[in-house]
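Asker: Model the structure of this input:
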Amino acid sequence: MTFDTVAWSDFMRSLRWKQGEHAAIIKPTGGGKSTLIGAVLPAHRSPAIVVFVTKVFDKTFQEQFPAREGWRRVEEWPPPRHVDKVLLWPRVAGKDIPEIIAIQRKVFREALNSIFSEMGWTVVFDEEHYICQVLGLTEYVAMFHHQGRSSGITCIDGIQRPKYVPLVTYSSATHAFIGQTTDRDDLKRLADLGSRYQRDIMATAQDLDYYEFLYVPARVPKGVPVRTTVDLNSKAA
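Answerer: Now for the predicted structure:
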């Protein structure tokens with residue numbers, strides 16, 4: 001089966017993404033994952049959004065989430081009052097690796113505890129594998145996926161390698177955005193997102209261009225995947 005290709009503007013107008021619905025953004029390192037996250041966020045109307053930024057330096061995030069659009073970088077939780085677009089980005093430049101990990105773990109753990117009790121947030125995990133495996137916060141991330149929906153919490157998961165991410169990330173996702181990959185183990189995990197189209201998803205994921213992705217409505221029984229390419233010149237992007 002060949003999936004239909006949809007213009008970016010039409011895709012954004014048709015995407016229905018409610019608070020409490022989770023999304024998986026799946027692209028390899030350097031594959032434009034941060035750009036894709038910033039591009040699809042306008043389709044999700046959330047009262048408050050926090051992005052957990054894990055890289056020491058990240059020019060893409062500064063460009064995709066600018067201050068002129070209301071984004072505010074904070075180094076620890078909570079953010080200032082009335083700030084509802086947050087880049088949670090601990091300042092760790094100049095620290096050695098054990099210090100970086102310790103600082104990020106402390107800041108992110110405290111934020112997750114607070115956000116879970118507040119409810120209603122959209123939480124973007126920039127690099128879920130790093131947050132789970134390196135920072136040791138797998139149980140926190142799993143709790144957000146297992147119980148976030150009932151608390152009105154949306155999780156958006158940035159994923160480099162599907163086979164290294166907890167299964168609950170996929171079982172709880174309503175929306176999946178798949179970028180190009182040829183790794184066999186990753187393809188097998190991706191195919192599980194749309195069981196009716198497993199072979200077609202595996203074939204299509206190997207054929208995507210740089211800013212193109214396959215959208216899979218993972219929890220819609222009769223939902224059919226579509227292909228689309230991010231329009232970087234669009235206001236929605």
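
Asker: What values do phi and psi take at the closest residue to residue 197 other than its chain neighbours?
Answerer: Leaving aside its chain neighbours, residue 197 sits nearest to residue 225 (6.1 Å; criterion: Cβ to Cβ, 6 or more residues apart in numbering). The way it works is simple: take the backbone N, C-alpha and C, and place the C-beta from them, glycine included. In this entry, residue 225 is assigned phi and psi values of phi -60, psi 150 (degrees, to the nearest 10).

Asker: how many other residues sit next to residue 225?
Answerer: For residue 225, the count of nearby residues is 21 (other Cβ atoms under 10 Å).

Asker: Scan this protein for its longest helix.
Answerer: Scanning the chain for the helix with the most residues, using DSSP state H, yields helix 97-118.

Asker: buried residues in that helix?
Answerer: Neighbour counts over helix 97-118 (16 or more other Cβ atoms under 10 Å) mark 100-101, 103-105, 107-108, 111-112, 115-116 as buried.

Asker: what's the burial count for the residue lying closest to residue 151 once chain neighbours are set aside?
Answerer: Of all residues beyond its chain neighbours, the one nearest residue 151 is residue 119 (4.4 Å), with distances taken as Cβ to Cβ, 6+ apart. When counting by other Cβ under 10 Å, one arrives at 12 neighbours for residue 119.

Asker: How much space separates residue 119 from residue 19?
Answerer: Separation of residue 119 from residue 19 (Cβ to Cβ, to the nearest Å): 10 Å.

Asker: hey, what's in contact with both of these two?
Answerer: Contact criterion Cβ atoms under 8 Å, 6 or more residues apart in numbering; residues shared by residue 119 and residue 19: residue 152.

Asker: In contact with the residue nearest to residue 197, which residues?
Answerer: So residue 225 contacts 3, 194, 197, 200-201, 204, 214-217 (Cβ under 8 Å, 6+ apart).

Asker: ok, which stretches of this structure are helices?
Answerer: With DSSP H as the criterion, the chain has helices spanning 8-14, 33-40, 59-64, 97-118, 128-129, 138-147, 167-171, 184-191, 198-205.

Asker: Mean pLDDT and distance to residue 53 for these - can I get that in JSON lines?
Answerer: Below are these laid out as JSON lines (pLDDT from 0 to 100; distance: least, Cβ to Cβ, whole Å):
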{"stretch": "helix 8-14", "mean pLDDT": "92", "distance to residue 53": "24"}
{"stretch": "helix 33-40", "mean pLDDT": "84", "distance to residue 53": "9"}
{"stretch": "helix 59-64", "mean pLDDT": "78", "distance to residue 53": "6"}
{"stretch": "helix 97-118", "mean pLDDT": "96", "distance to residue 53": "9"}
{"stretch": "helix 128-129", "mean pLDDT": "88", "distance to residue 53": "13"}
{"stretch": "helix 138-147", "mean pLDDT": "92", "distance to residue 53": "15"}
{"stretch": "helix 167-171", "mean pLDDT": "74", "distance to residue 53": "19"}
{"stretch": "helix 184-191", "mean pLDDT": "73", "distance to residue 53": "24"}
{"stretch": "helix 198-205", "mean pLDDT": "85", "distance to residue 53": "27"}
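
Asker: was I right about the residue nearest to residue 151 contacting residue 154?
Answerer: No - the pair residue 119 / residue 154 is not scored as a contact, 11.0 Å apart, by Cβ atoms under 8 Å.

Asker: Please consider this matter closed, and thank you.
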